[in-house]
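Visitor: below: sequence and its predicted model.
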Amino acid sequence: MYVIQPKDVSEILSHYCKRETISNIDLLQYYDTENKICMVILAETVYHNAYVIKILDKNAVSVAREELQSAFSEVLRIHGLYVPKKYKNSSDVYGTMINFLDHSFYVTVEEYFGKDVRAITPQSTAALGTLLGKMHKISMKCNCHLPYGATYRALNEKRISMQVIWGNVSQSNLPNDLISRITNIHQRQIVRLAQIWKDLPCGAVHGDLGLVSNLMLYHQEFGVIDFNLAGDEIFLSDLLITWYSSRYNIDTVMLFPTQVLLDLKKVFFDSYLENRPFTENEKKHFKEMSCIINGIYFNRFVSEIARAGFTKSLKHLFPLIEGSYFKPDICVNLQEILQN
């Protein structure tokens, strides 16, 4: 494996700004799948400048999409959202092709942006709602669009089935008639969700935010990083998925009793609406969409409990799935169920 050297980082930076002497390199992320190497490094210079450099195997990225995502991030930053500055190179684009030994990489450079938010608090929850509201407002105002995002594609390509959610997880010792009813309800609600979407505004979004996902704190300011999943989504769907994907995270459920999560939910949605009020159609469909997406993510949560081997808890949770598609939240104490 080739180990990136300070001279390599200095060479990369020379395409974006003046060549600088590197004082320290930290590897923030690294993965190698199917011989596609990707890494993210923090580079610090002798002049105390800090940069985050993403080095992505050219075969693992769509250069055109990466450029559009970087441009969207810059629109948000220019309009006041706290996101890291993306640097352009001497060719006036965000990405540069660099060769290391027998690999060709697509490289981008952005400003260093602090530490991940790891604790879920009312302050961080409000900040997430505020950032998401501002992001959607800017996206609508500036008519920002990208290729469709993962959620939009999954729904339109019918890739949100019970089979996809549960995979090969065993549902043994669970009533077959209940499994059948849940499957039928799930499928009907997915169809209904697609119908509702036709009435709602859509545009570029981050696509991967959560209570502890890509939320940063730098100089006492909350901000957002990592736009590699940015794409066009239904704004209301993006809002609801941001909440429910966080709310039904196993770690979140184990940390907080249900009432605390319901309190945080109010903080999140109130903060969002202070920055971007719903359109009339969004108001009309908010409750129904909340119920459907609550059901989808609670269903997925139960499948993850099954994968984790909580067999005793599964028997208490599985019967709750059926009704979860018609309620905006699960009001039983999930923390207590998992702990017993």
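Guide: All right, it came through fine.

Visitor: helices of this structure, start to end?
Guide: Ranges of helices in the chain, per DSSP state H, are 6-14, 63-78, 122-141, 150-156, 162-166, 176-197, 235-247, 250-255, 258-275, 280-307, 311-324, 334-339.

Visitor: nearest to residue 226, of these?
Guide: Nearest to residue 226 among the helices of the chain is helix 63-78; the distance by CB to CB comes to 9.3 Å. Where you see a C-beta, it was placed from the backbone N, CA and C, and this is true even at glycine.

Visitor: neighbours of residue 186, how many?
Guide: As a burial measure, residue 186 scores 21 neighbours (other CB atoms under 10 Å).

Visitor: can I assume it is in contact with residue 325?
Guide: Yes. Between residue 186 and residue 325 a contact is recorded at 7.0 Å, counting by CB atoms under 8 Å.

Visitor: name the residues contacting each of the two.
Guide: Overlap of the contact sets of residue 186 and residue 325 (by CB atoms under 8 Å, 6 or more residues apart in numbering) consists of 295-296.

Visitor: pLDDT below threshold where in this protein?
Guide: Within the chain, the segments meeting pLDDT under 70 span 1-2, 101, 170-174.

Visitor: distance check, the residue positioned nearest the centre of it against residue 295.
Guide: By CA atoms, centre = their mean, the chain has its centre lying nearest to residue 208, at 1.2 Å. Counting by CB to CB, to the nearest Å, the separation of residue 208 from residue 295 is 22 Å.

Visitor: repeat for residue 305
Guide: Where residue 295 is concerned, residue 305 sits at a distance of 16 Å (CB to CB).

Visitor: bridged to residue 202, which residues?
Guide: Beta bridges link residue 202 to residue 234, judged by DSSP bridges.

Visitor: list the buried residues of stretch 192-210.
Guide: Buried residues in stretch 192-210, defined by neighbour count with 16 or more other CB atoms under 10 Å: 193, 196-197, 200, 202-210.

Visitor: in CSV, list those along with distance to residue 162.
Guide: Converted to CSV, those look like this (distance: CB to CB, whole Å):
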residue, distance to residue 162
193, 15
196, 20
197, 20
200, 25
202, 26
203, 30
204, 30
205, 26
206, 28
207, 24
208, 24
209, 26
210, 24
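
Visitor: list just the nearest of these to residue 227.
Guide: Ranked by distance to residue 227 (CB to CB), the buried residues of stretch 192-210 are led by residue 206 at 6.2 Å.

Visitor: so what's the backbone phi/psi at the nearest residue to residue 124 once chain neighbours are set aside?
Guide: Computed as CB to CB, 6 or more residues apart in numbering, the closest residue to residue 124 that is not its neighbour in sequence is residue 117, at 5.1 Å. Phi and psi for residue 117, reported as degrees, to the nearest 10, are phi -80, psi 120.

Visitor: what's the burial count for residue 117?
Guide: 20.

Visitor: hmm, it is touching residue 213, no?
Guide: No. Residue 117 is not in contact with residue 213 according to CB under 8 Å; the separation is 9.2 Å.

Visitor: quick one, what contacts the closest residue to residue 207 other than its chain neighbours?
Guide: Of all residues not flanking residue 207 in the chain, residue 229 sits nearest, at 4.1 Å (CB to CB, 6+ apart). Remark: with contacts taken as CB under 8 Å, 6+ apart, residue 229 is in contact with 149-150, 206-208.

Visitor: what do you get for residue 298?
Guide: 244, 248, 320-321, 324, 330.

Visitor: ok, now with 7 Å
Guide: Taking CB atoms under 7 Å, 6 or more residues apart in numbering, we find residue 298 in contact with 248, 321, 324, 330.
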